[in-house]
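J.: Predicted model and sequence follow; I will ask about them next.
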Amino acid sequence: MLDALAALVKALLYAGLLSCAGAVFAEWTLRPSIDCARAAMQLLRRGALLTVVASCASALILMIRLGGELDEATLSAVFISSSGAATFMQLAGAALLLASANDPTAREIRLSNAALMTLSFAFNGHAFAVGLTDGLIAFVHASAAAWWIGSLWLLRVACIEQPLSNAAQVLSRFSLMATRFIGVLVFAGLVLIQALVKFDELPYLTAYEQLLAVKLGIVVLVLSVATYNRLRLTPQVAAGDARAAKSLRATINLELVLIGAIIAVTAILTTYTSPHE
Ligand code: HEM
């Protein structure tokens, strides 16, 4: 029961953190219109609030899992540890982002605070248990995933609320960068697999590897939808086809749902199983 709650809270933490940081990364790279930038700040605020609640709940659950005592050993394990450092980065980053969300001149500050939030992945989790370098790969991996989520959200808003020409502009910038960011996401993911999975025991799959395979299955699905958008719908929207913009909205929703499923599987993977078993 406590494990299920821990996995649920972790999924909410991933969703809040990645969408909050992603809103900042997307605002930086896609240079959206004023209306879209406003939508990015709304996503930032919601994501930051979810991060604060989920990060505190996560620390509380860890304390209960360690016996629930408020003694020195438990408090040190929760707060004066790598996991405590990650919690501090999440809370500080989210609070600073909330404080700077209304300031149009604070873009650089927002970028560093968003990076502080995703940097928390370098100090927590299975990759960090292997070494700091692998922890930093997890940071790069999570940052690229955050960019994808934030950018899809802005693109969705542009397709719903903006004239077709504005949506086409955001879409063209997104298309230019998506190959690089999603390439980095997949490459960093492969490096993590190489660091965490023991290939000499294949084809026998541990519980960890089975869940990882489920994650990769959903990744293939979302990449297929993204490729369809890129090759089929993007040129049609660029040519001014309003029906294609409507279809793009639907496929972006599908991508976001699939990414939500990836987040849920990653939370279950990192809560219930370990590559080090
Ligand atoms: C939208 C796509 C993706 C999202 C949102 C996502 C999200 C995440 C997050 C948040 C983590 C950090 C878990 C933690 O340390 O607490 C993670 C770890 C990981 N991801 Fe991804 N990921 C995505 C795609 C991929 C891809 C394409 C691969 C492989 C090619 C991959 C492989 C991994 C591996 C191996 C880990 C380490 C898991 C562990 O700590 O045991 N991910 N992912």
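T.: Okay, I see it. Numbers count the residues shown, from 1 in each chain.
J.: Return the residues of this structure in contact with the ligand.
T.: Selection of the chain residues close to the ligand by C-beta under 6 Å from any ligand atom yields 14, 121, 125-127, 138, 141-142, 145, 148, 185-186, 189-190, 192-193, 196, 216, 219, 259, 262-263, 266, 269-270, 275. For the C-beta atoms, the positions are set from N, CA and C on the backbone; glycine is no exception.
J.: Could you tell me which of these belong to helices?
T.: Per DSSP state H, helices hold the following members of those: 14, 126-127, 138, 141-142, 145, 148, 185-186, 189-190, 192-193, 196, 216, 219, 259, 262-263, 266, 269-270.
J.: Among those, name the buried ones.
T.: 14, 126-127, 138, 141-142, 145, 148, 185, 189, 192, 196, 219, 259, 262-263, 266, 269-270 (16 or more other C-beta atoms under 10 Å).
J.: elements contacting the helix or strand hosting L136?
T.: Using DSSP states H and E, L136 maps to helix 132-161. When contacts are defined as 3 or more C-beta pairs under 8 Å, 6 or more residues apart in numbering; DSSP states H and E, helix 132-161 packs onto helix 2-30, helix 34-65, helix 107-119, helix 126-130, helix 164-196, helix 242-272.
J.: got the contact list for E209?
T.: E209 makes contact with V197, P275, according to C-beta atoms under 8 Å, 6 or more residues apart in numbering.
J.: helix or strand for it, which one?
T.: E209 is located in helix 207-228, with elements delineated by DSSP H and E.
J.: what does the helix or strand just after that helix rub up against?
T.: Counting by DSSP H and E, the next helix or strand C-terminal to helix 207-228 is helix 234-238. Residues from elsewhere that reach helix 234-238, judged by C-beta under 8 Å, 6+ apart: L164, A167, A168, L171, S172, S175, A244, A245, L248.
J.: how about 6 Å then?
T.: By C-beta atoms under 6 Å, 6 or more residues apart in numbering, the surrounding residues in contact with helix 234-238 are A168, L171, S175, A244, A245, L248.
J.: Restricted to buried residues, select those in ChimeraX.
T.: Entered in ChimeraX, the line below selects the buried ones among the contacts of helix 234-238, by 16+ other C-beta under 10 Å:
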select :168,171,244,245,248
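J.: and of the contacts of helix 234-238, the nearest to the ligand?
T.: Using C-beta to the nearest ligand atom, the shortest approach to the ligand within the contacts of helix 234-238 belongs to S175, at 17.1 Å.
J.: Let me see the contact set for Q90.
T.: Q90 makes contacts with T51, S55, M117, S120, as judged by C-beta under 6 Å, 6+ apart.
J.: can I assume the first one is in contact with A94?
T.: The reference is to T51. Yes - if you go by C-beta atoms under 6 Å, T51 and A94 touch, sitting 4.3 Å apart.
J.: circling back to that earlier point, list the buried residues of the helix holding L136.
T.: For helix 132-161, burial by neighbour count (16+ other C-beta under 10 Å) applies to 134-159.
J.: Give me the residue ranges of the chain where confidence is low.
T.: Along the chain, the parts satisfying pLDDT under 70 run over 277.
J.: Which residues does stretch 253-269 contact?
T.: By C-beta under 6 Å, 6+ apart, the surrounding residues in contact with stretch 253-269 are 7, 10-11, 14-15, 152, 211, 214-215, 218, 221-222, 225.
J.: do the same with stretch 138-153
T.: With C-beta under 6 Å, 6+ apart as the test, stretch 138-153 has contacts from 18-19, 21-23, 25-26, 43, 118-119, 121-122, 127, 174, 181, 184-185, 188-189, 252, 255-256.
J.: Indicate the residue of the stretch 1-150 of the chain located nearest to the ligand.
T.: Counting by C-beta to the nearest ligand atom, the stretch 1-150 of the chain gets nearest the ligand through G125, at 2.7 Å.
J.: what residues are up against that residue?
T.: Residues near G125 by C-beta under 6 Å, 6+ apart: T270.
J.: repeat that with 7 Å
T.: Neighbouring residues of G125 by C-beta atoms under 7 Å, 6 or more residues apart in numbering: A138, T270.
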